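Participant: Predicted model follows, preceded by the sequence.
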Amino acid sequence: MEDLPQDFREKLENVEIIVEDYPDRETLADLGIRSRLDLMGLYVGTPITERSVFQSPSLPDRIFLYRVPILRAAGGRQRIAETIRDVFIHEVGHHFGFNDDQLEQMEKSSE
């Protein structure tokens, strides 16, 4: 979170960051994911790009980070922080209205 530019952090005021060991069964079923190790993060909410000024304040959006799948994907201690950062930034991207294809393209172009 601290690595994000100030402008982005301010737009995350009403976003909860939740860390859980694994996604729950209902979430996996809703997303059509079979293994609880295949989901490292999830954004739940209304992206900024889809909000209206006429919309009344709502419950906070949520970014879930799933600890065990992230640790597994990191493959070792050296990459844990980097993997957490990558998953977090990906989910923040959804908050700002980017879809998975757009985020994948951005990730490729930054390598």
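Facilitator: Ah, there it is.
Participant: C-alpha from now on. contacts and neighbour counts both.
Facilitator: Will do.
Participant: pLDDT wise, what is Ala81 at?
Facilitator: Here, the pLDDT recorded for Ala81 equals 92.
Participant: A strand includes it, no?
Facilitator: No - counting by DSSP: H, G, I helix; E, B strand; the rest coil, Ala81 falls outside a strand, being helix.
Participant: where's it relative to Arg67, distance?
Facilitator: Distance, Ala81 to Arg67, by CA to CA, to the nearest Å: 12 Å.
Participant: out of these two, which sits in the busier spot?
Facilitator: Comparing Ala81 with Arg67 by other CA atoms under 10 Å, the one with more neighbours is Arg67, at 19 against 12.
Participant: Would you mind confirming that the more buried one makes contact with Leu37?
Facilitator: No - Arg67 lies out of contact with Leu37 (CA atoms under 8 Å); the separation is 9.6 Å.
Participant: between these two, what contacts are shared?
Facilitator: Tyr22 (CA atoms under 8 Å, 6 or more residues apart in numbering).
Participant: Centroid-nearest residue for the protein?
Facilitator: Of all residues in the chain, the one closest to the mean position by CA atoms, centre = their mean is Glu91, 2.2 Å from it.
Participant: tell me the SS of it?
Facilitator: Under three-state DSSP, Glu91 comes out as helix.
Participant: for Ser35, same thing?
Facilitator: Going by three-state DSSP: Ser35 is coil.
Participant: Relative to Asp100, how far out is the closest residue to it other than its chain neighbours?
Facilitator: Leaving aside its chain neighbours, Ser35 sits nearest to Leu28 (7.7 Å; criterion: CA to CA, 6 or more residues apart in numbering). Leu28 is 17 Å from Asp100, where distance means CA to CA.
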